[in-house]
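J.: what's the 3D shape of this:
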Amino acid sequence: MKRVYAVQRFTMKSFIRMRMGLVVMVVLLIGVLGIPQGIKHNGSAEGFVQVYLTYTLGYVVMVMGLTTLWLGCGLLSRGD
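T.: Below is the predicted model:
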């Protein structure tokens, strides 16, 4: 279990050092607030919620996946 915590601590240090947190928060905020404005729905509250959840959750999963990939590659290439 100590190894898992060591990897977690190392990853968080690199995440902060690379200033990825701020970039990811800005990208997520822009996407989550901007996507529903650009997509049409049928005008009902149910339609809006369905579009909002479907597209924003997909966007968040994509951004977080790319962030994980970026951070993992950065950690492996440094060898800190």
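J.: which residue packs closest to Thr67, ignoring adjacent ones?
T.: Of all residues beyond its chain neighbours, the one nearest Thr67 is Val24 (5.3 Å), with distances taken as C-beta to C-beta, 6 or more residues apart in numbering. To be clear about C-beta, it is placed using only N, CA and C from the backbone, and glycine gets the same treatment.
J.: helix or strand for that neighbour, which one?
T.: Here Val24 sits within helix 20-38, counting by DSSP states H and E.
J.: list the buried ones in that helix?
T.: The neighbour-count check on helix 20-38 (16 or more other C-beta atoms under 10 Å) flags Val24, Leu28, Gly31, Val32, Ile35, Pro36 as buried.
J.: show me what contacts the last one?
T.: If a contact means C-beta atoms under 8 Å, 6 or more residues apart in numbering, then Pro36 has Phe48, Val51, Tyr52, Tyr55, Thr56 as its contacts.
J.: give me the most central residue, the chain.
T.: Met64 (3.0 Å; C-alpha atoms, centre = their mean).
J.: for this protein, longest helix please?
T.: helix 45-78 (DSSP state H).
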